[in-house]
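Colleague: next comes the sequence, and after it the predicted model I'd like to discuss.
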Amino acid sequence: MVDVELTDDDARFRRDVADWLADHVVGEYAELKGRGGPGDEDVGFDVRVAWEHELGKAGFIGLGWPVDEGGRGASLDQQIIWAEEYARAQAPARVNHMGENLLAPTLIAYGTPEQRERFLPGILRGDERWCQGYSEPNAGSDLANVATRAQREGDEWVVNGQKVWTSLAHVSHWCFVVARTDPESVRHNGLSFLLVPMEQPGVEVRPIVQPTGGGEFNEVFFDDARTEASLVVGEVDDGWRIAMGLLGFERGVSTLAQQVGFERELDHVVNLARARGRGDDPGLRARLVDAWIGLRLMKWNAMRSMAAKGVPGPEASVSKLFWGTWHRDLGNLMIDVLGADGLIGESLPYELTLEQKLFLFSRSDTIYGGSNEIQRNVLGERVLGLPRDPR
Ligand SMILES: Cc1cc2nc3c(=O)[nH]c(=O)nc-3n(C[C@H](O)[C@H](O)[C@H](O)COP(=O)(O)OP(=O)(O)OC[C@H]3O[C@@H](n4cnc5c(N)ncnc54)[C@H](O)[C@@H]3O)c2cc1C
């Protein structure tokens, strides 16, 4: 756990949230302890939605948002405490990361008062879920290549195009979509950041089955989909700025919550190694120690990154590169500790064990949120001053 100097208030806050979690992670919620994370999103979804409502009622959604936006205005330390206690209680995995941690801070920073009034309460109650419509078949690493178009017709935007890899689109009510609103524009110019309702005839969601057997992400087709003219965040044709601003919120406190989850996974690998009598294998021991050291480095780097102000800079790239690679390696280690058994599916086709799911899903960690190669390009150009990547 992160070693921070706690004030009396913080210590009280830690006791209060730990008590609340102990009282509430019971019954059907306790059955989902440690479940619903990456690669495991389909598990107990309805129960996790009900859990989200419990969190909303108790004011545990939007903890760090300003009080006048309906949040608690909790300090960074208190948000970290909450993330730690949440992970320690193994409470079910959350279902609306995109709404609470990405879209909401974006609306608070760039949205109109009407947009905030309309959308923040639904997120705070745990009622409205959001997905992120950035990537397209020809616009992933090269996001400025977005081809989805939106055209103004009367009081509405009419949206046409295709998004892909859209996490949780099949269970989302709204999507924030980067679309080209100036048909003559190229690259970063002429894009807008639109809020589009998912439940309408013009939106088709096709799940993509992943090697884990689950379907966490989707293709999303917009075929004359409609949204209100007022649902552009920021200025029309200035969506790139908003889209990049949103990505800056990705390095928030949720990174620390993620790391507490990593810590639990690492403990699990260590326990597996012991249980299987592999605790004295020197090669495995060295890798376990490396993983332990890596986790410590990651935590301190995340704290440093959160303390930094301004637009996401190189420290965000260092952090993404480090945790993505670390977690992929942990997936490898998990399977190596299991040995040949790790390769056997108990009841194929699918259900895989949690260890197998971790191994498979962690392959994606070096891709989403900016691939390792892209992070290295950023570091090469902005930190080392190497020549720019050919474009
Ligand atoms: C689990 C998961 C969930 C996701 N969820 C979402 C979501 O909710 N919403 C969303 O919009 N997107 C989502 N994505 C998409 C993700 O953002 C993209 O996969 C990522 O940006 C890479 O884009 P791409 O898949 O098109 O690969 P490409 O950009 O086509 O890259 C292919 C390969 O080429 C390399 N490459 C590309 N350009 C360069 C370069 N200039 N220099 C060196 N190497 C390069 C890449 O590193 C990669 O190895 C998700 C992806 C995953 C895996």
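Modeller: Yep, it's here. Numbers count the residues shown, from 1 in each chain.
Colleague: Trp326: neighbour count?
Modeller: Neighbourhood size, Trp326 [other CB atoms under 10 Å]: 20. Yep, even glycine has a C-beta here, placed from its N, CA and C like the rest.
Colleague: do Ala104 as well
Modeller: 27.
Colleague: grab the nearest non-local neighbour of it.
Modeller: Using CB to CB, 6 or more residues apart in numbering and skipping the chain neighbours, the partner closest in space to Ala104 is Ile123 (5.4 Å).
Colleague: how about whichever strand or helix holds that neighbour: buried residues?
Modeller: In this assignment (DSSP states H and E), Ile123 forms part of helix 113-125. Neighbour counts over helix 113-125 (16 or more other CB atoms under 10 Å) mark 115-116, 118-120, 122-124 as buried.
Colleague: now the helices for the chain?
Modeller: 8-24, 27-31, 45-57, 76-88, 97, 104-110, 113-125, 239-248, 254-275, 282-307, 314-338, 354-361, 372-382 (DSSP state H).
Colleague: looking at the stretch 51-200 of the chain, what residue ends up closest to the ligand?
Modeller: Here the residue of the stretch 51-200 of the chain nearest the ligand is Gly140; by CB to the nearest ligand atom that distance is 1.8 Å.
Colleague: measure that residue to Gly283 for me?
Modeller: Distance, Gly140 to Gly283, by CB to CB, to the nearest Å: 36 Å.
Colleague: more neighbours: which of those two?
Modeller: Counted by other CB under 10 Å, Gly140 and Gly283 do not tie: Gly140 has more neighbours, with 17 against 9.
Colleague: contacting residues around the more buried one?
Modeller: Neighbouring residues of Gly140 by CB atoms under 8 Å, 6 or more residues apart in numbering: Trp165.
Colleague: pull up the per-residue confidence for Ala307.
Modeller: pLDDT, Ala307: 69.
Colleague: could you do Gly215 as well?
Modeller: 81.
Colleague: can you get me a residue count around it?
Modeller: Gly215: 15 neighbours (other CB under 10 Å).
Colleague: can you report phi and psi for it?
Modeller: phi -130, psi 80 (degrees, to the nearest 10).
Colleague: separation between it and the ligand?
Modeller: 11 Å (CB to the nearest ligand atom, to the nearest Å).
Colleague: how about the nearest residue to that residue, chain neighbours excluded?
Modeller: Using CB to CB, 6+ apart, the closest residue to Gly215 is Pro207 (3.8 Å).
Colleague: please apply the same query to Met98.
Modeller: Spatial nearest neighbour of Met98, chain neighbours left out: Trp130 (4.6 Å); criterion: CB to CB, 6+ apart.
Colleague: that neighbour pairs with what?
Modeller: Listed by DSSP bridges, the beta-bridge partners for Trp130 are Trp174.
Colleague: burial of it, as a residue count?
Modeller: 25.
Colleague: ok, it - contacts?
Modeller: When contacts are counted by CB under 8 Å, 6+ apart, Trp130 is found next to 96, 98-99, 102-103, 123, 172-176.
Colleague: going by neighbour count, which of those comes out on top?
Modeller: Gly99 (30 neighbours).
Colleague: from Leu266, how far out is that residue?
Modeller: Gly99 is 29 Å from Leu266, by CB to CB.
Colleague: returning to that earlier point: show me the contacts for the residue nearest to Gly215.
Modeller: Counting by CB under 8 Å, 6+ apart, Pro207 makes contact with 170, 215, 217-218.
Colleague: returning to what we had before: JSON lines for the helices of the chain, including distance to the ligand?
Modeller: What follows is those, written out as JSON lines (distance: least, CB to the nearest ligand atom, whole Å):
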{"stretch": "helix 8-24", "distance to the ligand": "28"}
{"stretch": "helix 27-31", "distance to the ligand": "25"}
{"stretch": "helix 45-57", "distance to the ligand": "16"}
{"stretch": "helix 76-88", "distance to the ligand": "21"}
{"stretch": "helix 97", "distance to the ligand": "10"}
{"stretch": "helix 104-110", "distance to the ligand": "14"}
{"stretch": "helix 113-125", "distance to the ligand": "16"}
{"stretch": "helix 239-248", "distance to the ligand": "10"}
{"stretch": "helix 254-275", "distance to the ligand": "14"}
{"stretch": "helix 282-307", "distance to the ligand": "19"}
{"stretch": "helix 314-338", "distance to the ligand": "10"}
{"stretch": "helix 354-361", "distance to the ligand": "7"}
{"stretch": "helix 372-382", "distance to the ligand": "3"}
